[in-house]
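Trainee: Fold the following for me, if possible:
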Amino acid sequence: MRTVRMTTLIAAIALMVFAAAPLRTYAQGTVYLRAVHFLTDAPNVDIYVDGKAVLTNLGYQDATTYTQLTPGKHVINFGVAGKTVGGPATDLTLDAAAGDLCTFVLSGTMASKVPNIYLTSESGLAKAANLTLDNTSMPLLFVQAVKDAGDVDVYVGDKKVGTAKSGDSMLAIIPYGPYTLKVTPAGKPDTILKDTAGIAMNNVLGVLGMTGTLDKLSLDYAYSAPSDAVTFLVAQKSLPVSFNALLKAVDAAKLGDTLVGPGPLTLFAPSDDAFAAVQPAGTVDKLEADPTLIGNVIKYHILGETVTFADIFTMVAGGTSKKTLNGQDMIIKIGDKGTIFGGTQATMLAYNIHTTNAVIHLINAVLMPPTN
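Mentor: Prediction:
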């Protein structure tokens with residue numbers, strides 16, 4: 001079994017991430033492709049590249065991690081998850097250069113005879129809009145998938161960052177940290193169709209899809225990272241929402257190999273503020289003094305399968321549970337004051353962050369395993 005000291009691993013990853021801009025952690029000479037699914041009433045799908053399924057089981061209102069492609073032309077298609085690819089009529093040709101970041105978008109409705117299925121490039125959108133992808137901000141692809149809403153303006157805080165045409169996308173560059181976002185009809189800044197809040201993070205590309213109908217709009221986030229779970233957490237080291245205490249606890253628990261392993265995993269990741277709030281004071285230090293005790297707590301935050309935000313809703317509705325890596329079942333419920341994970345109330349700060357080996361949900365509390 002591979003034995004890697006987490007402190008050494010974190011130091012190496014930190015040097016890689018912070019020695020350059022966040023997008024530089026992408027391999028040079030490579031094309032990166034992800035997929036996002038905002039096609040109403042469509043089932044989960046698999047994404048095919050040159051006839052091979054490479055991004056699988058993508059659910060509605062969600063995104064995938066990235067797959068690496070060689071520069072040049074590739075045929076992209078999709079099909080119902082676990083079944084065969086669609087016919088040639090839905091083939092799209094991707095012609096990308098080295099370094100391009102591309103997204104296969106499914107949007108619109110299945111009821112429409114012509115749903116909006118297209119390829120876009122965050123790199124190309126940034127260049128066309130004269131936007132800079134640097135180490136101070138997160139690219140966010142906004143997908144306007146509601147035909148009845150027409151063209152919309154997107155505001156981050158009080159600043160208009162662009163216009164998304166019906167059935168199309170636009171790119172916003174958002175400084176790291178928490179932010180608010182609102183959507184208005186084009187040219188009508190005082191008429192808010194829908195608003196939301198989010199967190200701009202390092203080493204990810206976000207997507208925000210607007211779906212539904214005019215009288216029942218939905219804004220749904222997902223994020224795609226080109227790295228494993230540990231690299232993503234390390235990349236947030238100096239940001240307003242960081243996870244240094246979690247990484248320290250992972251090190252104390254000797255769980256480094258788990259979080260850089262192949263997965264699939266689901267990680268409920270408490271922020272530094274969450275660890276600081278654990279009472280009574282000194283509890284975390286006492287747990288970290290014993291690898292077994294802190295390991296039991298950290299493993300309670302990890303599931304050995306992919307559980308997305310939509311899956312969590314299914315768990316809540318059905319009253320079902322998922323087994324954590326410490327062997328205990330986790331039941332998630334909606335209480336009067338928020339979401340209850342096992343016996344701990346917590347708020348999701350961000351969800352559906354898809355790394356190469358895990359889906360991560362950021363939370364504002366440390367989950368303590370229930371005792372009998």
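
Trainee: What separation do you get for the closest residue to Glu305 other than its chain neighbours and Ala225?
Mentor: If the residues on either side of it in the chain are set aside, Glu305 comes closest to Pro264, at 5.9 Å by CB to CB, 6 or more residues apart in numbering. The way it works is simple: take the backbone N, C-alpha and C, and place the C-beta from them, glycine included. Per CB to CB, to the nearest Å, Pro264 is found 14 Å from Ala225.

Trainee: Which one's more surrounded, these two?
Mentor: Between Pro264 and Ala225, counting by other CB atoms under 10 Å, Ala225 is the more crowded of the two (25 against 13).

Trainee: Next one: the more buried one, what pLDDT does it get?
Mentor: Note on Ala225: pLDDT of 92.

Trainee: Could you do Asn372 as well?
Mentor: Note on Asn372: pLDDT of 54.

Trainee: Next: Lys113.
Mentor: The model reports Lys113 with a pLDDT of 67.

Trainee: just the one 5 residues further on next, same as before
Mentor: The predicted local distance difference test score for Tyr118 is 92.

Trainee: Repeat that for Gly86.
Mentor: pLDDT for Gly86: 69.

Trainee: and if you look at Val241?
Mentor: 93.

Trainee: got it, and Ala20?
Mentor: For Ala20, the model assigns a pLDDT of 34.

Trainee: Would you report the backbone torsion angles of Gly59?
Mentor: Gly59 adopts backbone torsions of phi -90, psi 170, taken as degrees, to the nearest 10.

Trainee: ugh, wrong one, I meant Leu362
Mentor: Main-chain torsions, Leu362, degrees, to the nearest 10: phi -90, psi 130.

Trainee: pLDDT of the helix or strand where Leu246 lies, averaged?
Mentor: Here Leu246, judged by DSSP states H and E, is contained in helix 244-252. Per-residue pLDDT over helix 244-252 has a mean of 94.

Trainee: Now the helix or strand just after that helix: buried residues?
Mentor: Using DSSP H and E, the helix or strand that follows helix 244-252 towards the C-terminus is helix 256-260. Residues 256, 258-260 are the ones in helix 256-260 that count as buried (16 or more other CB atoms under 10 Å).

Trainee: and what of stretch 362-372?
Mentor: By neighbour count with 16+ other CB under 10 Å, stretch 362-372 contains the buried residues 362-369.

Trainee: Repeat that for stretch 281-295.
Mentor: 284, 287-288, 294-295.

Trainee: residues in contact with it?
Mentor: For stretch 281-295, the external contacting residues (CB atoms under 8 Å, 6 or more residues apart in numbering) are 245, 248-249, 252-255, 275, 278, 297, 326, 366.

Trainee: my read is Thr84 is in a strand, agree?
Mentor: No: if the criterion is DSSP: H, G, I helix; E, B strand; the rest coil, then Thr84 is coil and not within a strand.

Trainee: measure it to Phe78 for me?
Mentor: As for Thr84, its distance to Phe78 is 11 Å (criterion: CB to CB).

Trainee: again, but for Leu141
Mentor: Leu141 sits 18 Å away from Phe78, going by CB to CB.

Trainee: Repeat that for Ile117.
Mentor: For Ile117, the distance to Phe78 equals 8 Å [CB to CB].

Trainee: Hmm, Thr136 is touching Ile174, no?
Mentor: No: judged on CB atoms under 8 Å, Thr136 makes no contact with Ile174 at a distance of 9.9 Å.

Trainee: Looking at the two, which has the bigger crowd around it?
Mentor: Of the pair Thr136 and Ile174, Ile174 is the one with more neighbours under other CB under 10 Å, namely 20 against 13.
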